[in-house]
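S.K.: generate coordinates for the sequence data below:
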Amino acid sequence: MPKNERKISMLWNQSGSEKLQQQIQTLCLRHSASLALVATGQRVPSLSSHGVEYPNPIFEDQASFPADDGDLEYCEFQLNNIKVEHHPKSRIPTKVEAFGDFKHHPVHHSLWSAPEPDAQPWRPFKSRLEFDVAEIALKAALNNEQTDRLLDICRCCVQQSEKFMFHNHKDIRAKWDAASQHLTGFMKNVISVPFTDKSWDFDVYYRDLWEWATDLLHNPDLFPHFHFNAQCLSKFNGQLFKQFVDEPFTAQHFWDAQLQLPGDAKPLAFILYADKTKLSSFGTAKGYPVVAHLANLPTDIHNSQGMGGGYIVGWLPVMKEDKQHSGKPAWANFKATVWHKSFERILSSLAEKSKMGQWLECLDAVQHWFFPLVLILSSDFEEQLMMSLTHGVRSLWPCPAILVTAREKETTEEREEVLKGYGLCDVLNSFWTLSSTDVHRALSWDKLHFHSGSEWSDHLWVELQKHLSSISLLARSETSKPDNSVHKDISKRQTVLLVTCSSIVSIFTLGLTSLLQLHMDLHIFDDVEAKGAMRNYNTKPNKKMHGSLKDSYLLHTNFHDIAEQTFDAIEAAHQDNQAFGNFRVKLNNFLDVLLPSSNIPLPEGKHIHLRGTNEVTEHRFIHINYKSMVDWCQHTDYLHCNPLFFGSPRFDCIFIQLTENKVILGRLIFCFEYLVGDRRFPLALIHPFDAPTGLRPRKDKDLNLFRARARPRAQAQFFSVRSIIHGALLIPDGPSDYLIVDTADTDMFLRMKMMHLEAGHIWPYYYNHEMVHGMSSTGHSMSRRVYWPGQFPTINIHKGQQLDNQPVSQPTG
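M.R.: Okay, here's the model as predicted:
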């Protein structure tokens, strides 16, 4: 007779208490063992809730667990006791714990001793004070001027006990760059996808997923909370143990994943989220972040916004609709191909490791054999269609929880014909590169998009208001549309009304999308059993990250694209533009003059020699501060140099301070920053409008117009951005001539008067201490009066005649 059965038999005979004998009999019945079986010593097999037969943990010797003595000491089970059954391959014994003592923590948690706290967690900063100041500058999104001011104050207040080495924002930026090296950084890759006889290029930014996971596994604060083995949890209800699931590692898919792995291999399960978001208030700027979590961590950690929480690991390209191809099947397949090729880059570091595994020594000094897989995909319905490559609501098989392949067909037409019957696109799925990953099983029902925030708020709520109003149950004033949180509460309270008012429900009309979302409700319980509680795959925690992305866009960018380019790329992109001819040669010559004239030594005392691989940072939006001629205060002008500004090119015209006494006009062509040594120089390629205009046309004299003529475009020149005064409004008047609009503002009007004067179109006229140029012979400031041709006072003045005892001078113009 097995040992546990002998113990029960001895307890039965020695108890002597009728009450205790009843408890022993109840215990046997709860575990499918009758007294007759105990008496005969027959073996009672046990089948786990996961379909895996293993020795009964209470009535059988557990030979499969060498570390256990094979004996669960008998005790009277209490209501709500928790039994933890680990995966058989883990060789961890089954345990029953009181509900109050039960805690989710790995087995190695008790063997793990937390490391001593880092005495200097602020490194690579020199001190805690430097870190605190840099953190304030980051959180407050201070600009460079504000940061420099903050550091000035800190230097006045700092004590001698700590060294404070920051001098300006560049020092803080250098330290942030140094700190970022301790984490997995972003990489950039360009993917090329052919379409309509040409190749389309897209930029993809991503982190190495394996390196990111390694960062978490090597974090001493997170490692004690990792679960590397699947678990089966059950709760004692007074009669028997009932299985329950909450964390992903307590659900079916995690269990099945470990069951498929060899030997002592452990699953390293990823949760991935992807969704487009609007970065700007008007939706003109959009982003497509990809967020990753590790399912081996408890949900309270991986759903948090702190250490171990969601992390942006990718930035997918946002494709704009093409009017010529939009709505066509080929264009839909093209967009799907771009999406999956981009996502394949993000998954690239896991592809090989998912097939062969990867050994990694963790902080417990044990070599673990990890097999990465994507356990859960969290997304709304639109992204689910893209991930599963289904055609959508109008296809024959619109539900994304299917799997059909047609790659054995030879031609595109044959594949399309087969896949069309299943509603699938003829595109290679990026998730196929990972072993043990089934994209259709990983997709999950999402409460935010499939319930209160979609089918209820967009359809059922609208229809319900109409019909309640028609039967005078709801006033019109009460039918305003609430937000999603209110919809969530309303949808719960109206369930009874929807069920009882059959006349209302029967005339609800829902669109195809809503019907499919209702169909997705059929997968709710399957998803809970397979992946745990809904919070494991709810999109709400990831949606919260959209707010921080919008804040970063608002506070840390100038709302325009900033792209790093090489000189080779610039010259190739503008090879047909004469203004970019000899781009590097002209820039070499310009910098050779600019640096010495600015009292900046040339690097190593040698002439500048730019290479084609050197990088510059292009800018398409500039703030120019200038002194107004109206109030002599500083004002700001905004200039654009953008090939596609709201669908059209915009290259602003400008005033340029050529010399101390000469101002010319020109047009922006290309604005950029270039790093020489440790200094950044803001530069601009400008098309000058200072060619001689010849004799002044009669209409220009009569209308007092100022004409500017452009040089040949090949004579474009480099200028420092600091030479730009502000923008100018010009209108074309011929192939290369432009007329300046001096009525745009008062400053433009006064500035154009000065340019008319310098060009000799007008001349100063002295009369009663009124003169054009600012000071009188006595040195006192005089008021300014300028007379236009034909506007002089009708006073007959002879040479040398005096008026009011003041000499009169002849006009000089």
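S.K.: any low-confidence regions in the stretch 701-813 of the chain?
M.R.: 763-813 (pLDDT under 70).
S.K.: er, the stretch 351-500 of the chain I mean
M.R.: Looking at the stretch 351-500 of the chain by pLDDT under 70, you get 391-426, 448-500.
S.K.: go again with 90.
M.R.: 364-365, 378-432, 435-500 (pLDDT under 90).
S.K.: so which bits of stretch 666-679 are buried?
M.R.: Residues of stretch 666-679 classed as buried by neighbour count (16 or more other CB atoms under 10 Å): Gly666, Arg667, Leu668, Ile669, Phe670, Cys671, Phe672, Tyr674. Every residue, glycine included, has its C-beta placed from N, CA and C.
S.K.: go on, stretch 269-285?
M.R.: Ala269, Phe270, Ile271, Leu272, Tyr273, Ala274, Asp275, Thr277, Leu279, Ala285.
S.K.: ok, now stretch 142-153?
M.R.: Leu142, Thr147, Asp148, Leu150, Leu151.
S.K.: residues contacting Ser304?
M.R.: Contact criterion CB atoms under 8 Å, 6 or more residues apart in numbering gives no residues in contact with Ser304.
S.K.: and Leu610, how many neighbours?
M.R.: Residues lying near Leu610 (other CB atoms under 10 Å) number 16.
S.K.: so it versus Lys699, what's the distance?
M.R.: 46 Å (CB to CB, to the nearest Å).
S.K.: again, but for Val676
M.R.: 47 Å.
S.K.: with Leu675 instead?
M.R.: Counting by CB to CB - Leu675 and Lys699 are separated by 49 Å.
S.K.: and which of the buried residues of stretch 142-153 is nearest Phe236?
M.R.: Leu142 (57.6 Å; CB to CB).
S.K.: the closest one contacts Leu150, doesn't it?
M.R.: Yes - Leu142 is in contact with Leu150 according to CB atoms under 8 Å; the separation is 6.5 Å.
S.K.: mind listing the shared neighbours of the two?
M.R.: Common neighbours of Leu142 and Leu150 (CB under 8 Å, 6+ apart) are Ile136.
S.K.: excluding chain neighbours, what is closest to Asn536?
M.R.: Pro248 (5.2 Å; CB to CB, 6 or more residues apart in numbering).
S.K.: Gln358 now?
M.R.: Per CB to CB, 6+ apart, closest to Gln358 is Phe370, 5.4 Å.
S.K.: equivalent analysis for Trp339, please.
M.R.: Met386 (5.5 Å).
S.K.: where does the stretch 51-200 of the chain dip in pLDDT?
M.R.: Across the stretch 51-200 of the chain, the ranges flagged by pLDDT under 90 are 51-86, 89-190, 193-200.
S.K.: so where do the strands sit in it?
M.R.: With strands called from DSSP state E, counting those that start in this stretch, the stretch 51-200 of the chain shows them at 82-86, 95-97, 186-195, 198-207.
S.K.: among those, which comes closest to Ala714?
M.R.: Set against Ala714 and scored by CB to CB, those come closest in strand 198-207, at 28.8 Å.
S.K.: what separates Arg173 from Pro692, distance-wise?
M.R.: From Arg173 to Pro692 the distance is 47 Å (CB to CB).
S.K.: who has more neighbours out of those two?
M.R.: With neighbours defined as other CB under 10 Å, Arg173 and Pro692 compare such that Arg173 has more, 14 against 5.
S.K.: hmm, Asp118 and Arg128 touching each other?
M.R.: No - with contact defined as CB under 8 Å, Arg128 does not reach Asp118; the gap is 11.7 Å.
S.K.: ok, the two, which is more surrounded?
M.R.: Of the pair Arg128 and Asp118, Arg128 is the one with more neighbours under other CB under 10 Å, namely 12 against 9.
S.K.: now the more buried one: how far from Lys163?
M.R.: To Lys163, Arg128 is 11 Å away according to CB to CB.
S.K.: next, Ala530: secondary structure please.
M.R.: On the three-state scheme (DSSP: H, G, I helix; E, B strand; the rest coil), Ala530 is labelled helix.
S.K.: so, low pLDDT: which residues of the stretch 551-700 of the chain?
M.R.: Within the stretch 551-700 of the chain, the segments meeting pLDDT under 90 span 551-576, 581-582, 584-585, 595-618, 627-634, 643-648, 659-662, 674-680, 693-694.
S.K.: and the helices in it?
M.R.: 567-573, 583-597, 698-702 (DSSP state H, counting those that start in this stretch).
S.K.: counting by contacts, list what the longest strand belonging to the chain packs against.
M.R.: When the chain is parsed with DSSP state E, its longest strand is strand 663-676. On a contact count with 3 or more CB pairs under 8 Å, 6 or more residues apart in numbering; DSSP states H and E, strand 663-676 meets helix 583-597, strand 615-619, strand 634-645, strand 648-651, strand 653-657, strand 679-688, helix 746-759.
S.K.: now, of the ones you listed, which is deepest in the fold?
M.R.: Ranked by mean neighbour count under mean count of other CB atoms under 10 Å, the helices and strands packed on strand 663-676 are led by strand 653-657, which reaches a mean of 21.
S.K.: what's the burial count for Asp246?
M.R.: Count around Asp246 with other CB under 10 Å applied: 16.
S.K.: does it touch Lys531 like I think?
M.R.: No - if you go by CB under 8 Å, Asp246 and Lys531 don't touch, sitting 10.6 Å apart.
S.K.: now Asn538: closest residue in space, sequence neighbours ignored.
M.R.: Leaving out its chain neighbours, Asn538 is closest to Lys447 (CB to CB, 6+ apart), at 6.1 Å.
S.K.: burial of the one you found, as a residue count?
M.R.: Lys447 has 18 nearby residues by other CB under 10 Å.
S.K.: look up how far Ile669 lies from it.
M.R.: With CB to CB as the criterion, Lys447 and Ile669 are 53 Å apart.
S.K.: ok, now which ones touch Glu673?
M.R.: Val616, Thr617, His619, Arg680, Phe681, Pro682, Leu683 are the contacts of Glu673 under CB under 8 Å, 6+ apart.
S.K.: check Arg611 too.
M.R.: Phe567.
S.K.: got phi/psi on it?
M.R.: phi -110, psi 160 (degrees, to the nearest 10).
S.K.: next, find the distance separating it from Gly677.
M.R.: To Gly677, Arg611 is 15 Å away according to CB to CB.
S.K.: wait, Val668 touches Phe655, no?
M.R.: For the record, residue 668 is Leu, not Val. No - the pair Leu668 / Phe655 is not scored as a contact, 11.8 Å apart, by CB under 8 Å.
S.K.: contact partners for the closest residue to Arg722 other than its chain neighbours?
M.R.: Residue nearest to Arg722 in three dimensions, not counting chain neighbours: Pro682, with 7.2 Å by CB to CB, 6+ apart. Neighbouring residues of Pro682 by CB under 8 Å, 6+ apart: His619, Cys671, Phe672, Glu673, Ser720, Val721, Arg722.
S.K.: and the last one, which of the three is it?
M.R.: Spelled out, that is Arg722. helix.
S.K.: Tyr626 versus that one, what's the distance?
M.R.: Taking CB to CB, one finds Arg722 at 11 Å from Tyr626.
S.K.: before we move on, back to that, now render the buried residues of stretch 269-285 as TSV, adding secondary structure.
M.R.: What follows is the buried residues of stretch 269-285, written out as TSV (three-state DSSP):
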residue	secondary structure
Ala269	strand
Phe270	strand
Ile271	strand
Leu272	strand
Tyr273	strand
Ala274	strand
Asp275	coil
Thr277	strand
Leu279	coil
Ala285	coil
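S.K.: for the stretch 251-400 of the chain, what spans make up the strands?
M.R.: 266-274, 277-278, 286-287, 289-294, 311-315, 358-361, 367-378.
S.K.: okay if I get those strands as a markdown table plus distance to Asp637?
M.R.: Putting those into a markdown table (distance: least, CB to CB, whole Å) gives the following:
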| stretch | distance to Asp637 |
| --- | --- |
| strand 266-274 | 40 |
| strand 277-278 | 28 |
| strand 286-287 | 28 |
| strand 289-294 | 34 |
| strand 311-315 | 33 |
| strand 358-361 | 56 |
| strand 367-378 | 46 |
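S.K.: cool, thanks, talk later.
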